[in-house]
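> Please find the sequence and the predicted model below.
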Amino acid sequence: NEDRLAERARDLLDVLRSGTDADAPAFADVAYTLQTGREAMAARLAFVAQDAREAALKLERYHAERDTPAALAGDGVIVNTIGRGPSPLPDLLDGDEGRDYLAKILANGKHDKIAQLWTLGLEIDWDTVHRAHSTTDMPRRCPLPGYPFARIRHWISDASTPAFQVPAAPAPVLVLPPAPTPSAPAPAVGGSLDGLRRHLRDCVAEILAVAVADIDLDVEMREYGLDSINLAQLTTAVNAHYGLDLTVDLFFGHPTIDQCARFLWTEYGELLGQGQEPVRAEEPVQIPAPVLAPVLAPPPAGARPASNEPIAIVGMSAMMPQSDDLSDFWQHLVSGRELIEDIPEDRLHKMGTSYRGLCEQIQTPTVRGSFLRRVAAFDSLFFGISPREAQLMDPQQRLLLETVWKTIEDAGYPASELAGSGVGVFVGVSNHDYSKLYQRMLGQPLAHASTGMMVQSILANRVSYLFDFRGPSEIVDTACSSSAVAL
């Protein structure tokens, strides 16, 4: 979405500002990596620049004026979100004239036109563009910042507590939502198309247990993780609120909230005009949760090489103590920084105890360790996983998915290029206590528990499934040597 785009643009700006460093990548390599080595998302930003300095100036302009797209377009900075409103591409590029127009643009190197078409959703063959107009060697892919995942909290807690929110503080906490029920109706206030949109958005947010602000009216609901069961719940909620007799296939034929609202208003406007606005649910209550340290898994490996075949490490990513990525960890090593520390205060708070109280409880004079940041955070919707299922996923699964994605990005490949290929996934894993903690806290099975925490093999299998890798997919558990044996 637009917020993730702004974060990525800010990370890229930091890279360009460090362009004076001796090991900084060439600007042509940066542009080529962004064009060919990253998955193209719905929210897009494009501009034409001759060098890193000009690119940095345009990124600064984007951050200063991102709320005024028209002003940005006047400065050659194009911003668009695909799927928000009808696309002009079919009319623009239809027929022989449209194909001739596109061919001339590509052949003549009209970079501003190419950038504009790309932001509208056109798939560009960037290699062809570079080969046609490059006067030097083809650029190469280089390491760049990965996708900025949303820091959404996912943590097991009391089943009676409704929750799933995005708190401002980075304390690891998640609470489990109950089965969603339709909002209680408020006194009739009269209906409108905008009111219908708001009600549908509120229902979707309530069913998924996400913030209303995270639901876009023009994004297909399946992109937020709504499955057939959720759509049945949505149908029931709308029928109960407006006194209709809709069926679930309505939402398959009208996949966005806006499309669905417009259809309902056209077909049932008279009934909906007497509709009622839903009562907002109370804010969720946070409950202390156990603190878990996920096991770091290695990046995906290819097919097993012959014993005399050299191994190339193409991409790497990791989450280490007090380090969000390998660059942070390397700086800690270079500085000789000690990463063993007392238990962070926020974790003690979530455990409902103090440092002295914990020491007395386990009868030891001191408790120290190395701690990962953001162990409760996961961008579930990015991976097409519903927030409800994400809450029941072992943190090892959640962190592994994000690490695999960043590893592929670090290698300079869009994940879609590897889909359907024989990529193998070998995960070294040892500790497996999340299901025991879950049973201790809730003591009852839930729908996603079997795939979320009960079976260790899911660690590798979920990665293979979500990325469509067709090679071997297995875990390796040899205690302390698990990672080494997996490699």
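Happy to help now that I have it. The structure displayed is predicted, hence computed values, not measured ones.
> now the most centrally placed residue in the chain, nearest residue through space, not along the chain?
In the chain, the residue lying closest to the centroid (C-alpha atoms, centre = their mean) is Phe382, at 3.2 Å. Closest residue in space to Phe382, ignoring its immediate chain neighbours: Phe149 at 6.3 Å, by C-beta to C-beta, 6 or more residues apart in numbering. Yep, even glycine has a C-beta here, placed from its N, CA and C like the rest.
> From Leu13, how far out is that neighbour?
Using C-beta to C-beta, to the nearest Å, Phe149 is found at 19 Å from Leu13.
> Could you identify the helix or strand that succeeds the helix or strand of the chain with the lowest mean pLDDT?
One helix or strand of the chain scores below all others by mean pLDDT, DSSP states H and E: helix 449, with a mean of 61. Using DSSP states H and E, the helix or strand that follows helix 449 towards the C-terminus is helix 458-467.
> what's the helix or strand just after that following helix packed up against?
Under the assignment DSSP H and E, the closest C-terminal helix or strand after helix 458-467 is strand 473-476. Secondary-structure packing of strand 473-476 (3 or more C-beta pairs under 8 Å, 6 or more residues apart in numbering; DSSP states H and E): strand 425-428, helix 458-467, helix 482-486.
> what about the protein, any weak spots by pLDDT?
Low-confidence segments of the chain (pLDDT under 70): 19-23, 135, 156-191, 273-308, 441-455.
> residues in contact with the closest residue to Asp342 other than its chain neighbours?
Counting by C-beta to C-beta, 6+ apart, Arg368 is the residue found nearest to Asp342 once chain neighbours are left out, at 5.7 Å. By C-beta atoms under 8 Å, 6 or more residues apart in numbering, the contact set of Arg368 is 340-343.
> Need phi/psi at Arg368.
Note on Arg368: backbone dihedrals following degrees, to the nearest 10 are phi -130, psi 160.
> Check Arg337 too.
phi -80, psi 140.
> what's the helix or strand for the residue nearest to Phe382?
Here Phe149 is assigned to no helix or strand, by DSSP H and E.
> was I right about it contacting Leu401?
No. With contacts counted by C-beta atoms under 8 Å, Phe149 stays clear of Leu401, the gap being 9.5 Å.
> Comparing the two, which shows the higher neighbour count?
Leu401 (24 against 20; other C-beta atoms under 10 Å).
> State the distance from the more buried one to Asp194.
Separation of Leu401 from Asp194 (C-beta to C-beta) stands at 37 Å.
> now swap in Gly83 and tell me
Taking C-beta to C-beta, one finds Gly83 at 20 Å from Asp194.
> just Glu474 next, same as before
Using C-beta to C-beta, Glu474 is found at 52 Å from Asp194.
> who's more crowded, those two?
Set side by side, Glu474 and Asp194 show more neighbours around Glu474, with 14 against 10, by other C-beta under 10 Å.
> How about the contacts made by that one?
Glu474 neighbours (C-beta under 8 Å, 6+ apart): 425-427, 457, 460.
> hang on, the earlier thing: and Arg38, which of the helices and strands packed on strand 473-476 is closest to it?
In terms of C-beta to C-beta, the element of the helices and strands packed on strand 473-476 nearest to Arg38 is helix 458-467, at 15.3 Å.
> Show me how far that closest one is from its chain's centre.
How far helix 458-467 lies from its chain's middle: 16 Å, per C-alpha atoms, centre = their mean, to the nearest Å.
> tell me what the host helix or strand of Lys406 is packed against?
Of the helices and strands defined by DSSP H and E, Lys406 is found in helix 395-411. Contacts defined by 3+ C-beta pairs under 8 Å, 6+ apart place helix 395-411 against helix 415-418, helix 458-467.
> Comparing those, which comes out most buried?
Each of the helices and strands packed on helix 395-411 was scored by mean neighbour count; the highest is helix 458-467, a mean of 20, by mean count of other C-beta atoms under 10 Å.
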